[in-house]
Structure formats: structure tokens, C-alpha cells
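Visitor: Next one to model:
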Amino acid sequence: MDAYDGDSDARQGPQGPVGTRPDHPADPVDPHDLGEPVGPPPVPRTGVAALSPRYQVGAALALALVAVAACVHLGMVFLSVAPANTVTKQHGKAIEEWVYPEFEQNWKLFAPNPLQQNIAVQVRADVMMQDGTTTTTGWNDLSVQDGKAIDGSLLPSHTVQNELRRAWDFFVSTHGTDSRPMGLRGSLSEQYLRRIVVMRMYQQDATSEKGTIERVQVRSSTTNVPPPDWSGEKVSDVPVYRELPWWTVTADEANGGVR
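Guide: Residues are numbered from 1 along each chain as shown. This next block holds a predicted model:
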């Protein structure tokens, strides 16, 4: 026997006899077959999620209490700067005890307070008729006429909405309670309001259209806005009138200069 011949008892390797090269390379090993995790490692939990369930419940309750306290505080501060209303009248002492002195505010939510009254501007006139007689018209509620024009229009004009109201506000702010003008703007506001009501009477009053307006008188009718039924608050529903003195209409106005 040749010394170089291998015998059947020769030492074998995992892929053949030792010192020999396998005919085919070994197949790659699949990580799934080895049970090893595939992909990036999981991100560790942080914050509240890292807590145990018992501590997560505690943290949620603490956050809820903080949120409720913040809402109560904001509500108290809001009521302290808001105009007088049903809530502040019933719980005013509790609101003051919460806000003062640490959270005192030196401003108000509305300045001035929102209107709680309906103010209507009404006018009547002395009209010289074509036969020489003078007729006094009834009171014409110009504010009601403006309200009807606004309700019946999808796009009411700025004039219909604001002209009469601002003219009256202008007059009130430049006159005292005795209807005497205060300052140089008083006469201007009176002339402005008079021209508006004369123009409106010529346009909307049947008697004025047939003659010449000689004098006009303006008054305001103030009525309280009724409170809601649940408030229990009682206010008078009787209108309060403020009548201005008769104004003589100037020649250009009487002849249609403002029509």
C-alpha cells in the first residue's frame, strides 16, 4: 500500500477530510434560525411612560389637579375684570377672596361696560302745509326704521347701521344733561343731528313730504334689556324719555338742501 493513500480511518473534518477544500461553500446562516433579534434595538421609554402603572395613575391625577386649578384661577381672574353680571353678584365675595391681593388686576375687560339698554332716536316736526296751515307730526321712531332696514338686508350699508346712532352719541357726549352744548363741538353735533333727522323726515314721513319743515324736536327712548329668566334680576321695562328742545330748521334745510 502506498504511504500517501488515505485509509478509511483517516481523521475527518466538518466538511470533509482535514486539509481538503470543500467542493461548495457553506450556505449563509439566517439570523432567524438562530433566534437573534432583527432590526434596531427598541428605544427605551422615558418620562411618564417609563413609570410603573401605579405611578402613571398618580402622575395623571396630579396633572388633572393642576389643570383644574389653572382653569379655576383663570375663571376667577376673568370674573374679577368682567362687568357686573349674575355670577359676580352671587359669588362676588368668593371671587374677591381668591383674587385679592395677590392676583389683583388694574384693568377691565370692557371699557366702557357693554350696553345693557336699547336707545331709540325719535323725531317729530312742525310742517307748513301748502294751504298755509301748520301741522305737527307724530313721533317717528328712526331707530326702528333702521332696524327694519338691517333685518331685511343681507348686506346693510354702513350708513343705515351707524349714521343715526353715532350722531346721537356725538350729541350726548358734547352736551350736558340740560342739553346745553359743551365746547366748540357741541354746536357742530347739534347741527349734524338736526340735518340727519330733517333729511329722514322728508324721506320717510308722509306729512313732511307734502309741506315744508319749520321745526323739529328730537327725543331718545331708553329701555332696559330684560335679564334672563334664570338670573332672578328685576329691572324696569318702562321706557325713559329725554326730550330735546325744538330746533328751528334753517332755510337751506327747509328748502330741501339736505334731501
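
Visitor: Can you pull out the low-pLDDT segments for the stretch 1-150 of the chain?
Guide: Flagging of the stretch 1-150 of the chain using pLDDT under 70 yields the residue ranges 1-39, 41, 48, 109-115.

Visitor: quick one, strands of it?
Guide: Using DSSP state E, counting those that start in this stretch, the strands assigned to the stretch 1-150 of the chain run over residues 12-13, 16-17, 117-128, 134-136, 140-141.

Visitor: same check, this time on the stretch 151-259 of the chain
Guide: Here the stretch 151-259 of the chain has its strands, by DSSP E, counting those that start in this stretch, at 212-224, 240-243, 247-248.

Visitor: Of all those, which one is nearest V77?
Guide: When these are compared by CB to CB, strand 212-224 sits nearest V77, at 28.8 Å. Backbone N, C-alpha and C define where each C-beta goes, glycine included.

Visitor: Buried residues in the closest one, which are they?
Guide: 212-213, 215-218, 220-221 (16 or more other CB atoms under 10 Å).

Visitor: Which member of these is positioned nearest R124?
Guide: Looking across those and measuring by CB to CB, the closest to R124 is Q217, at 5.5 Å.

Visitor: Please work out how many residues are found near the closest residue to the closest one other than its chain neighbours.
Guide: Closest residue in space to Q217, ignoring its immediate chain neighbours: W246 at 4.9 Å, by CB to CB, 6 or more residues apart in numbering. A count of nearby residues for W246, using other CB atoms under 10 Å, gives 14.

Visitor: on that earlier part again, got a markdown table for the buried residues of strand 212-224, with distance to V43 too?
Guide: Formatted as a markdown table, these follow (distance: CB to CB, whole Å):
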| residue | distance to V43 |
| --- | --- |
| T212 | 91 |
| I213 | 86 |
| R215 | 88 |
| V216 | 83 |
| Q217 | 83 |
| V218 | 78 |
| S220 | 72 |
| S221 | 73 |
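
Visitor: what's the farthest-apart pair in those?
Guide: Within the buried residues of strand 212-224, T212 and S221 form the most distant pair, 27.0 Å apart (CB to CB).

Visitor: now the helices for the stretch 51-200 of the chain?
Guide: 53-81, 86-99, 142-151, 158-173, 184-204 (DSSP state H, counting those that start in this stretch).

Visitor: Export only the CA atoms of the shortest one, formatted as PDB.
Guide: As requested, the backbone C-alpha atoms of helix 142-151 are provided in PDB (Å, rounded to 0.1, in the frame of the first residue of the first chain):
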ATOM      1  CA  LEU A 142     -86.000 106.400  13.200                       C
ATOM      2  CA  SER A 143     -84.100 103.700  15.100                       C
ATOM      3  CA  VAL A 144     -86.900 101.200  14.400                       C
ATOM      4  CA  GLN A 145     -86.800 102.100  10.800                       C
ATOM      5  CA  ASP A 146     -83.100 101.400  10.700                       C
ATOM      6  CA  GLY A 147     -83.600  98.100  12.400                       C
ATOM      7  CA  LYS A 148     -86.200  97.000   9.900                       C
ATOM      8  CA  ALA A 149     -83.800  98.000   7.000                       C
ATOM      9  CA  ILE A 150     -81.000  96.000   8.600                       C
ATOM     10  CA  ASP A 151     -83.100  92.900   9.300                       C
END
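
Visitor: for that helix, packing partners?
Guide: With contacts taken as 3 or more CB pairs under 8 Å, 6 or more residues apart in numbering; DSSP states H and E, helix 142-151 sits against strand 117-128, helix 158-173, helix 184-204.

Visitor: so can I have CSV of those showing mean neighbour count and distance to P44?
Guide: Putting the helices and strands packed on helix 142-151 into CSV (neighbours: other CB atoms under 10 Å; distance: least, CB to CB, whole Å) gives the following:
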stretch, mean neighbour count, distance to P44
strand 117-128, 19, 66
helix 158-173, 15, 64
helix 184-204, 18, 74
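
Visitor: can you put the ones you listed in TSV and add distance to Y241?
Guide: Conversion of the helices and strands packed on helix 142-151 to TSV gives the following (distance: least, CB to CB, whole Å):
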stretch	distance to Y241
strand 117-128	8
helix 158-173	14
helix 184-204	16
